[in-house]
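>>> here is a sequence with its predicted model. Questions after.
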Protein chains: 2
Amino acid sequence: MHPLWDQLERAASLRGDQPAVRSGSQALSWREALGMAGRMACVLSGNGVRDGAGVALISPNSLAGLLLPFAAECAGGMFVPLNNRLTCAELVEQLLDFRPALLLAAPPYVDIAREAAAIAGVPVMLLGDVAEGDEPRFDSLAADAEPLAPCGISRDAPVAIYYTGGTTGRAKGVILTSDRLAMNALQWAHAVGARQDEHLLVVAPMFHMVAGLNCIIAAVLACDLTILDRFTPAGTLDAISKLKVTNLAMVPAMIEMLFAEPGFAGHDLSSLRILTYGGSPISQPTLAATLENFPGVRLYQVYGQTEGGPTVSILGPEWHTLDPAHAGRLHSAGKPLALTAIRIIRPDGSACDRGETGEILVRGPAVSPGYWNRPEETAAAYRDGWLHTGDAGYLDGDSFLFIVDRIKDMIVSGGENVYPAEVERVIVLHPAVRDCAVIGIPSERWGEAVHAIVRLEDGARADEAVIIAFCREHISAFKLPRSVEFREAPFPLTGANKVDKRALRKDHAGTSAN
Amino acid sequence: MHPLWDQLERAASLRGDQPAVRSGSQALSWREALGMAGRMACVLSGNGVRDGAGVALISPNSLAGLLLPFAAECAGGMFVPLNNRLTCAELVEQLLDFRPALLLAAPPYVDIAREAAAIAGVPVMLLGDVAEGDEPRFDSLAADAEPLAPCGISRDAPVAIYYTGGTTGRAKGVILTSDRLAMNALQWAHAVGARQDEHLLVVAPMFHMVAGLNCIIAAVLACDLTILDRFTPAGTLDAISKLKVTNLAMVPAMIEMLFAEPGFAGHDLSSLRILTYGGSPISQPTLAATLENFPGVRLYQVYGQTEGGPTVSILGPEWHTLDPAHAGRLHSAGKPLALTAIRIIRPDGSACDRGETGEILVRGPAVSPGYWNRPEETAAAYRDGWLHTGDAGYLDGDSFLFIVDRIKDMIVSGGENVYPAEVERVIVLHPAVRDCAVIGIPSERWGEAVHAIVRLEDGARADEAVIIAFCREHISAFKLPRSVEFREAPFPLTGANKVDKRALRKDHAGTSAN
């Protein structure tokens, strides 16, 4: 079987020679895309990407990158997009973990790719507009190749690996299969009501799974697809108005950047009808601006993680309203996709009651089968048919999912579970506070004690008693910080630009609270 | 894995204790339905329905029948609904083919079930309101049982067998798996835009796959579901108006019966928003009446066959219009579902051009893996990953599918392929003609010759020359009947109420045309 390839063939059959897939100045019909993917597969196969071996990619978004998963499946291989913000050492680590047969590198990442590939012993081919270098040119080879007939792969064969995390140690490769990707595409299309007449615009980088999934969605729908080489507010607005884009996937910060763009008002954005966003709930002001600037657009908040395939749940447009009666729902991650189920459990594995926070478990046809080369992490995360997401959350009485925090950041204090994010959300409401991080520190009396680290606004003043008293107005006593520390330096960040709680906890490993 | 069971659990989790599943005077929440299915599974498992053994059912529609596929999967067994219009001999034939561990029989089919089961050596349990008999009562046993924990089944394990056909010999059991059923449910839901707030009404008998699929769709959507024990126009209208039904699946003849019902105008049918129909295209007058009587309803024509999972393609509401510019599309079976592909081939296996009629092939994640116990028929119908439907059709320039005829009825005359249905559709347009059937008869000159058998309207007159001249105005010369025969007797019919072409051809086996 070759389910991804089947989608390309189907799109080619349904849409024939109409231009549909665009990047930069290029526009291909799905039939041309099918031909290009087949020729790419021929080059891949001839260079070792077959029988389960992989091809890695480091590149800005491009047509070749978009078609690479299809070409890799056709050749019987695998596709691994590398994060182009990684250091050379991190690239080496992932290349050694995955050991691809080939690395494709496009400017401006050619030098770092060469360096990493030389250390990891991986052959390099160049992609795109490269002036110099002795390595073979993938584009030219593919242009001259004969299309490869698709190799059959087994249903459970990995077809793509997306590296994730890094906040808990080394990045882990999440295994995805063709079936699961096609399935998640259909689940998403059903949830947002997307059809063949859509025009999807992809602005996220291809090494983020949301971008990869959007390309597969476009093939499944046989609809129009445009990918920008990178996100810029001006480029996004231009593409929407010129190409009559109907679907766009963003994070709330990107939506705000669109509105802040000077030329915003001059664009005709009336074609847009589906706007999905993820990463975080949308704020009330951003929602208000979105509803005003995109009247008639259906807004969907998407919750997922790469391990989940990636899309797990969606909050629909009916809850994206300024009506105060529904305001609480705006912070919800919505309901699970059709065929996907969610369960919330306590640390002992028993089911949580409604409203009780616990670890979010996910089951469904798109959930990844595990991590590449990590049997122990796989066994820990995938148990009894359920993915243990590591996210803490709860279901309300109407089965809406609310995300609270990461489970590993949970503090157990006096036998009660405290989620730092809940406490942080209160502390930052204090007018003197610029930023804060809450961690658990060892306590002889409580096991762990809730400890707040606070950065004040310039010139503002507050002490421990003030912060604790402020918290007391908003949260239960057992969640209150037992101690508050003030710091001026910015918080240490992880590779994913989140506060590095492990580093903060390490600083306090010797201290002990009561 | 147990994908059907997962849907029941998911629906119970999402909808909790709200009444959702209705039959007669009974209304269960999905949580109660889950409990009932678990208790049924316990009785099934204790009576041999486990480790792949099956349970057969002969019954009017009922809650127990609706939950039986879920219960059978939970027990690790299979579900086989029997057509309640079969003769005892036909029931015996299917029981001996499938050899279930148990037959559940409900009135008024208890006597014929007992007779067939005795011959086939299958134990019987009684279902529903049965006054007499020594057999165990399935309902009572299930009411007292403890819910069974779902047994894991393998992904490719058959979970249901639907018998089909009979026009080409013995009925064949089509194998369906849980995964495929859940997949087709989601494909259908995507195609028609159905969501959790639907209320599905099932009026088709459960031994038709469309009824079984609708029950699974309801579980997948966690929506409301009502099943009538059998179709009556009055009962259907009552259910729509009283229960605020949103979705209904029919055949065009049933839609016409609704309009002809004396009480039609008195019902509030405004809740209906999705009306799907299959079996044949809708006629212009029925469409006009439907658009008038159900304003705002989205109409979908569905093409499928049990082997296809069953749904293959759908014609959407935008083509259900009286606008003459789109009239041609009304006869189309639409476009393939997302993830499903269609190909049209010539007898030599090569791809047909657009507009050229050939055999319809289907590929997709819901397509059945084959026939029960029929390796040869399976090998013939499933080749290179494609289901060979036996239906003749073509794709137009915009990839709309048109169904023309059954391939086995195709006439090869002078090296040209002629589909009888095309010729029949012309002949019945002649005002003197009541009915007609076109077959191929042996011809020394042409191999086969097109032969028309015509029944005239009472008192009407026409001869061979008139019919042929009439045809000449509408179809190509090579499709013209070479001979026309007039008959008064009705045509012989198959078990599926279609004209029995095999019987007609048999009558002409000795004759030969030029």
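Looks like it arrived, so ask away. The model shown is predicted, which means the values in this text are computed figures rather than measured ones.

>>> so does stretch A:17-29 get close to chain B?
No: with Cβ under 8 Å from any Cβ of the partner chain as the measure, stretch A:17-29 is seen stopping short of chain B, the closest distance being 10.2 Å. Backbone N, C-alpha and C define where each C-beta goes, glycine included.

>>> show me which residues of the stretch 51-200 of chain A sit near chain B.
Within the stretch 51-200 of chain A, the residues that sit near chain B (Cβ under 8 Å from any Cβ) are A:155, A:179, A:182-183, A:186-187, A:189-190, A:193, A:196.

>>> between the residues you listed, which sits nearest A:E356?
Within those, distances to A:E356 taken as Cβ to Cβ reach their minimum at A:Q187, with 27.1 Å.

>>> among the residues of the stretch 51-200 of chain A next to chain B, find the lowest-pLDDT one for me.
Within these, pLDDT reaches its minimum at A:R155, with 89.

>>> and that residue, how many neighbours?
Here the neighbour count serves as a burial measure; for A:R155 (other Cβ atoms under 10 Å in any protein chain shown) it reads 12.

>>> do the same with A:F402
21.

>>> rewinding a little: now the two most distant members of the residues of the stretch 51-200 of chain A next to chain B.
It's A:R155 and A:G193 that sit farthest apart of these, by Cβ to Cβ, at 28.6 Å.

>>> name the helix or strand of chain A that has the lowest mean pLDDT.
One helix or strand of chain A scores below all others by mean pLDDT, DSSP states H and E: strand A:416-418, with a mean of 83.

>>> contacts for it?
Strand A:416-418 has contacts (Cβ atoms under 8 Å, 6 or more residues apart in numbering or on different chains) with A:347, A:357, A:410-412, A:440, A:450, A:478-479.

>>> now the stretch 401-514 of chain A against chain B: closest residue?
Among the residues of the stretch 401-514 of chain A, A:L401 lies nearest to chain B; the distance is 10.8 Å by Cβ to the nearest Cβ.

>>> show me what that residue is bridged to.
Applying DSSP bridges to A:L401 gives these bridge partners: A:G334, A:L395.

>>> ok, it - contacts?
The contact partners of A:L401, by Cβ under 8 Å, 6+ apart, come to A:303, A:313, A:332-336, A:342, A:360, A:393-395.

>>> report pLDDT for it.
With respect to pLDDT, A:L401 has a value of 96.

>>> please compute how far stretch A:246-261 lies from its chain's middle.
Relative to the chain's own centre, stretch A:246-261 is displaced by 16 Å; criterion: Cα atoms, centre = their mean, to the nearest Å.

>>> export it to PDB, keeping only CA atoms.
Once non-C-alpha atoms are left out, stretch A:246-261 reads as follows in PDB (Å, rounded to 0.1, in the frame of the first residue of the first chain):
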ATOM      1  CA  THR A 246      -9.800  30.300   2.100                       C
ATOM      2  CA  ASN A 247      -7.900  28.500   4.900                       C
ATOM      3  CA  LEU A 248      -5.100  29.700   7.100                       C
ATOM      4  CA  ALA A 249      -3.400  28.000  10.200                       C
ATOM      5  CA  MET A 250      -1.700  30.300  12.600                       C
ATOM      6  CA  VAL A 251      -0.700  30.900  16.200                       C
ATOM      7  CA  PRO A 252      -2.500  33.800  18.000                       C
ATOM      8  CA  ALA A 253       0.800  35.900  18.000                       C
ATOM      9  CA  MET A 254       0.900  35.600  14.200                       C
ATOM     10  CA  ILE A 255      -2.700  36.800  13.900                       C
ATOM     11  CA  GLU A 256      -1.900  39.800  16.000                       C
ATOM     12  CA  MET A 257       1.100  40.500  13.700                       C
ATOM     13  CA  LEU A 258      -1.300  40.600  10.700                       C
ATOM     14  CA  PHE A 259      -3.400  43.200  12.300                       C
ATOM     15  CA  ALA A 260      -0.400  45.300  13.300                       C
ATOM     16  CA  GLU A 261       0.900  45.300   9.700                       C
END
